[in-house]
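> no sequence for this one, just the structure:
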């Protein structure tokens, strides 16, 4: 009986992991498969689909998504750091309430945020914001809470004695912020920004309301195309953008020690 | 200068110093006010407008609760989310248990495999499921080639396809929710029961499952809310044949341009989510109290 249960456990574990990896493997396989309908033909492979990715049709949306994600990541880093600084470092009165306000967008589903923002922008004389600036603003609403929370956690874990020591030794407030606080919370800031970048780059539920013809982000371009055809170019686009995301995480990691934050957070 | 004056000057100074702490909050709070709080308020305002005359009207609310198509969509959303919540929790449990208890070097591999799909984004994964499940996809191709079936099984563009796709999207979150809960269970309790002669089955039934109920509940709640508010997966794997609340809201905005109705449907979704998280929080505190005593 015990052995049967153990066997069942391992079998189910393997099946579940297969379920998790299956769609990813299928997409990678389809992206190098030579046939134009998506089928699996082991042995034969090609990079034709990847060369099709390198055309304006896919590059323009990619550049737009990249631009938006960079701005969103920087803005949520700055805004999140300001909010987290006031709440977690200065601990101004009412900071709990302020933090819940900063986190409140998390309680609202993305579709609902999207509806609210698109209605607001199209009816309140904010017409100018429709399009790319509207997309950026909407994405920041989505990512700011994550960034603020991650940065607040790292300020919370920061050893205040280091700050006091610097103060006793005569460091000014700005010196302490720049030389003590910032280097120590940098992993938190960078992980918040990486998170914001990935969320913005992959976002669909908000973007879908705000993109304008001729100015669509990469995920929206892909899903629009998917409604008509499933050809393997899509597989190549998807794999290429996944590789791009992984490379970005790697870069951020090199810069800011993203995993140091994760490991530090788990202790 | 009188004492009273110096006193008030000092308070003023102190107050000014205290207010200085709020200055960094000005940009983030202003931003969220303009692009989050005001839009939500406006959406609520628009929901009370008539779709043509813009006069005050409860018509859209009435329509949401009487229109059979919309009610069917809400019901489909609930059914789909409930099924996803159950599938995710059942599948996440063994993985979370392995991650919580294993010390082998495979642990890192399994952890990476469980979490990595999250980085790939919803589009890639949905595309993957589409080419697996569609009429001329891998599964139907293989089954027809093997001669098991003669015409393709309807695997995509229906409830089945959407539940499979969403389960895949939500699974990592279920795993993380259960992982924290199972990690909090003292492994010595399981060992003690085993030493006292309990079989593996009765350890699971009488120790592991009851103690991980909080984790199971939070996994169910996270999965349900994520599934009910998902847009891309139901839109692509369900298509026009399987409409849920999220895709119906999108249609109202983009195709029918009925803002009040879209606003009401969005509010229905929001209230549903808030009610579930509120109920969930209450259930969780009650469970924690019960388990600690």
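Great, that's in hand. Here the structure is a predicted model, which means the values were calculated and not measured.
> ok, now which ones touch the closest residue to chain A within the stretch 101-250 of chain B?
Residue nearest to chain A within the stretch 101-250 of chain B: residue B:128 (2.7 Å; Cβ to the nearest Cβ). Placement of C-beta: from N, CA and C, glycine included. Counting by Cβ atoms under 8 Å, 6 or more residues apart in numbering or on different chains, residue B:128 makes contact with A:22, A:23, A:24, A:26, A:27.
> then residue A:27?
Contacts of residue A:27 by Cβ under 8 Å, 6+ apart are A:235, A:238, A:239, B:124, B:127, B:128, B:131.
> now the closest residue to residue B:204 other than its chain neighbours: how far from residue B:205?
In this structure, residue B:204 finds its nearest non-sequential neighbour in residue A:5, 7.7 Å apart by Cβ to Cβ, 6 or more residues apart in numbering or on different chains. For residue A:5, the distance to residue B:205 (Cβ to Cβ, to the nearest Å) stands at 11 Å.
> just residue B:271 next, same as before
On the measure of Cβ to Cβ, residue B:271 and residue B:205 end up 37 Å apart.
> low pLDDT regions in the chain?
In the absence of a named chain, this looks at chain A. Applying pLDDT under 70 to chain A flags residues A:1, A:36-43, A:124, A:128, A:256-267.
> actually chain B
Scanning chain B for pLDDT under 70 picks out B:1-18, B:292-293.
> let's see it at 50
B:1, B:293 (pLDDT under 50).
> neighbours of residue 213, how many?
If you meant another chain, say so; for now it's chain A. For residue A:213, the count of nearby residues is 5 (other Cβ atoms under 10 Å in any protein chain shown).
> the intended chain is chain B.
Residue B:213 has 15 nearby residues by other Cβ under 10 Å.
> next one: the one 5 residues further on
Residue B:218 has 23 neighbouring residues, counting by other Cβ under 10 Å.
> and the contacts of residue A:27, which of them are in helices?
Of these, the ones assigned to helices by DSSP state H are A:235, A:238, A:239, B:124, B:127, B:128, B:131.
> in chain B, which residue is closest to the centre?
residue B:226 (1.8 Å; Cα atoms, centre = their mean).
> now do the contacts for that residue.
Residue B:226 makes contact with B:166, B:169, B:170, B:173, according to Cβ under 8 Å, 6+ apart.
> same question for residue A:143.
Contacts of residue A:143 (Cβ under 8 Å, 6+ apart): A:72, A:73, A:76, A:195, A:196, A:199, A:200.
> ranking those by neighbours, who comes first?
Neighbour-wise, the contacts of residue A:143 (other Cβ under 10 Å) top out at residue A:76, 31 neighbours.
> that one: what's it in contact with?
A:140, A:143, A:144, A:146, A:147, A:192, A:193, A:196.
> wait, the third one touches residue B:31, no?
Yep, that's residue A:144 we're talking about. Yes - using Cβ atoms under 8 Å, residue A:144 is in contact with residue B:31, at 7.3 Å.
> overlap in contacts of those two?
residue A:79.
> who has more neighbours out of those two?
residue A:144 (29 against 19).
> now the strands for the stretch 101-250 of chain A?
In the stretch 101-250 of chain A, no segments count as strands under DSSP state E, counting those that start in this stretch.
> just the helices in it please.
Counting by DSSP state H, counting those that start in this stretch, one finds helices in the stretch 101-250 of chain A at the ranges A:110-123, A:132-157, A:160-168, A:173-176, A:182-202, A:207-210, A:218-226, A:233-256.
> then the stretch 151-293 of chain B?
Here the stretch 151-293 of chain B has its helices, by DSSP H, counting those that start in this stretch, at B:159-183, B:187-195, B:200-203, B:209-211, B:213-229, B:232-233, B:245-254, B:259-292.
> which strands and helices sit next to the second one?
In this structure, helix B:187-195 makes packing contacts with helix B:200-203, judged by 3 or more Cβ pairs under 8 Å, 6 or more residues apart in numbering or on different chains; DSSP states H and E.
> now the last one
Secondary-structure packing of helix B:259-292 (3+ Cβ pairs under 8 Å, 6+ apart): helix A:110-123, helix B:38-47, helix B:59-66, helix B:213-229, helix B:245-254.
> look up how far residue B:200 lies from the residue nearest to the centre of chain B.
From residue B:226 across to residue B:200, the span is 32 Å (Cβ to Cβ).
> next: residue B:117.
As judged by Cβ to Cβ, residue B:117 and residue B:200 stand 30 Å apart.
> quick one: residues contacting the closest residue to the residue of the stretch 101-250 of chain B closest to chain A other than its chain neighbours.
Spatially, and ignoring its direct neighbours in sequence, residue B:128 is nearest to residue A:23 (2.7 Å; Cβ to Cβ, 6+ apart). Taking Cβ under 8 Å, 6+ apart, we find residue A:23 in contact with B:117, B:124, B:125, B:127, B:128, B:129, B:132, B:168.
> relative to residue B:38, how far out is the closest residue to chain B within chain A?
At 2.7 Å from chain B, residue A:23 is the closest residue in chain A, using Cβ to the nearest Cβ. To residue B:38, residue A:23 is 39 Å away according to Cβ to Cβ.
> same question for residue A:234.
38 Å.
> more crowded one of these two?
Applying other Cβ under 10 Å to residue A:234 and residue B:38 shows that residue A:234 carries more neighbours, namely 27 against 15.
> pretty sure that one contacts residue A:225?
Yes - between residue A:234 and residue A:225 there is a contact under Cβ under 8 Å: 6.4 Å.
> count the neighbours of residue B:210 for me.
Residues lying near residue B:210 (other Cβ under 10 Å) number 11.
> list the contacts of it.
Contacts of residue B:210 (Cβ under 8 Å, 6+ apart): none.
> then residue A:122?
By Cβ under 8 Å, 6+ apart, the neighbours of residue A:122 are residue A:130.
> and it, how far is that from residue A:208?
15 Å.
> then residue B:207?
The gap separating residue B:207 from residue A:208 is 46 Å, by Cβ to Cβ.
> near chain B, which residues of the stretch 151-267 of chain A?
With the criterion set to Cβ under 8 Å from any Cβ of the partner chain, the stretch 151-267 of chain A comes near chain B through A:198, A:201-202, A:204-205, A:208-209, A:219, A:222-223, A:226-227, A:230, A:234-235, A:238-239, A:241-242, A:245-246, A:249.
> can we see that at 7 Å?
Counting by Cβ under 7 Å from any Cβ of the partner chain, the residues of the stretch 151-267 of chain A close to chain B are A:198, A:202, A:204-205, A:208-209, A:219, A:222-223, A:226, A:230, A:234-235, A:238, A:242, A:245-246.
> give the closest residue to residue 208 in space, chain neighbours not counted.
No chain in the question, so chain A it is. With Cβ to Cβ, 6+ apart as the criterion, residue A:208 has its nearest non-adjacent residue at 6.1 Å, and that residue is residue A:220.
> hm, I was asking about chain B
Among residues not flanking residue B:208 along the chain, residue B:190 sits closest, at 6.7 Å (Cβ to Cβ, 6+ apart).
> could you count how many residues lie near the one you found?
The tally of other residues near residue B:190 (other Cβ under 10 Å) stands at 18.
> cool, and residue A:104?
Applying other Cβ under 10 Å, we find 14 other residues in the vicinity of residue A:104.
> do the one 3 residues further on as well
Residues contacting residue A:107 under the criterion other Cβ under 10 Å number 15.
> still on that earlier bit, now the helix or strand the residue of chain A closest to chain B falls within and helix B:187-195, what's the angle there?
Secondary structure from DSSP states H and E places residue A:23 in helix A:2-31. Taking axes from the mean of the first three to the mean of the last three Cα atoms, to 10 degrees, one finds helix A:2-31 and helix B:187-195 inclined to each other by 130 degrees.
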